[in-house]
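**Q** Below: sequence and its predicted model.
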Amino acid sequence: MRSAIIALIVCLCLVPAFAAQDPFSLPVGTVVIDAGHGGHDPGASYNWPFVGHVVYERDLTLDIAKRLSVLLTLSHPELTVVMTRSSDVYLSLSERSAIAAGLDWGAKGALFVSIHINSANAPSANGFEVLTKRQDKPVVLLDEATPLSNIHLFASHSQNQLNRLLNNRNLVVASIFEETLAGQLVTSRSRGVKEQDLWVLNQCRMPAVMVELGFLTNEDEARRLTNSLHRQHLAQVLANAIGRCL
């Protein structure tokens, strides 16, 4: 029965509906926080003498994500805040995307924020960057995995229309994040907004950005990233950026 319903709606979506509401520009009611890596996937790592042990990206991203979750819950209690992981566990990229895809948006919009720390062969590499999905990678919005409660958000548009709207909103959100981080991370330079071929973003069914919050391989940035006060500041800046997207 569900398959028949989805098939019917997909057929109806082939009819142009230019006056229909953009589901990706609705006021945000759900925020998904994705702490990069985890478990047996450590991400970037470096053994800095001033720390005394190997520092792993998976630990830094989780710490920042937890702080961000608390800040959003306190400042915007009306939001539904979902973490893809809240402990040091491994999640595949498909599992992360599935968590977001299965959420009920209600009558509002949603936002996906993936948190990462960068690394490079050159120790001089530094700064933050905001990444978005490849615009030429179409996302399927209506299929068996679509929550029934979300179908009304997409049913008035064709898949092509939905993907154009999603791409447009991604760029808006990325610009807001870049502008906010550039203005509030005074010790870090902006490397800009970049479109990259990243599976977790290419498969995301809601506006999504990935933020690379500095280079673990750069000593100055590593010193800041391993400082809990700086990670709290990073979480607050991300909360501010999300607040501007609501």
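**A** Now that the structure is in, tell me what you want to look at. As the structure is a computational prediction, the values presented were derived from the model and not from experiment.
**Q** can we go C-alpha only for contacts and neighbour counts from here?
**A** Fine.
**Q** Okay, now the sheet partners of the strand ranked longest in the chain, with direction.
**A** Counting residues, the longest strand found in the chain (DSSP state E) is strand 109-118. For strand 109-118, the pairing partners within the sheet under DSSP bridges are strand 28-35 (parallel), strand 208-215 (parallel).
**Q** what's the next secondary structure element after it?
**A** strand 128-132 (DSSP states H and E).
**Q** That following strand: how far from the chain's middle?
**A** Its chain's C-alpha centre and that of strand 128-132 lie 10 Å apart, by CA atoms, centre = their mean, to the nearest Å.
**Q** going forward, begin numbering at 14 instead of 1
**A** Noted, 14 is the first residue going forward, which turns the last one into strand 141-145.
**Q** Looking at that strand now, give me its mean pLDDT.
**A** Strand 141-145 carries an average pLDDT of 98.
**Q** Residues contacting it, please?
**A** Here strand 141-145 makes contact (CA atoms under 8 Å, 6 or more residues apart in numbering) with 183-184, 187, 190-191, 201-209, 214, 221-228.
**Q** C-alpha coordinates for that strand, CSV please?
**A** Output of strand 141-145 as CSV, limited to C-alpha atoms (Å, rounded to 0.1, in the frame of the first residue of the first chain):
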residue,chain,number,x,y,z
PHE,A,141,38.1,26.9,8.6
GLU,A,142,36.0,26.1,5.6
VAL,A,143,32.3,25.4,4.9
LEU,A,144,31.4,22.6,2.5
THR,A,145,28.3,21.9,0.5
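**Q** next structured bit after it?
**A** helix 164-167.
**Q** List of residues touching that next one?
**A** Taking CA under 8 Å, 6+ apart as the rule, helix 164-167 contacts 36, 120, 154-155, 175.
**Q** buried ones in it?
**A** Going by neighbour count (16 or more other CA atoms under 10 Å), the buried part of helix 164-167 is 164, 166-167.
**Q** filter the contacts of strand 141-145 to the buried ones?
**A** 183-184, 187, 190-191, 201, 203, 206-208, 214, 221-228.
**Q** re earlier: ok, of the contacts of helix 164-167, which come out buried?
**A** For these, a burial check counting by 16+ other CA under 10 Å picks out 36, 154-155, 175.
**Q** roughly how far apart are residue 124 and residue 133?
**A** 28 Å (CA to CA, to the nearest Å).
**Q** Which residue of these two possesses the greater neighbour count?
**A** Each of residue 124 and residue 133 has its neighbours counted (other CA atoms under 10 Å); residue 124 has more, 25 against 13.
**Q** doesn't residue 38 make contact with that one?
**A** No: using CA atoms under 8 Å, residue 124 is not in contact with residue 38; the gap is 10.1 Å.
**Q** what about residue 252, which helix or strand?
**A** helix 241-258.
**Q** and the direction of that helix versus that of strand 221-228, what angle?
**A** 150 degrees (axes from the mean of the first three to the mean of the last three CA atoms, to 10 degrees).
**Q** Can you list the buried residues in helix 241-258?
**A** So for helix 241-258, counting by 16+ other CA under 10 Å, buried means 244-255, 258.
**Q** who's the nearest residue to residue 95 once chain neighbours are set aside bridged to?
**A** Leaving aside its chain neighbours, residue 95 sits nearest to residue 45 (4.7 Å; criterion: CA to CA, 6 or more residues apart in numbering). Beta bridges link residue 45 to residue 95, residue 125, judged by DSSP bridges.
**Q** Tally up the residues packed near residue 45, please.
**A** Look at residue 45: counted by other CA under 10 Å, it has 22 neighbours.
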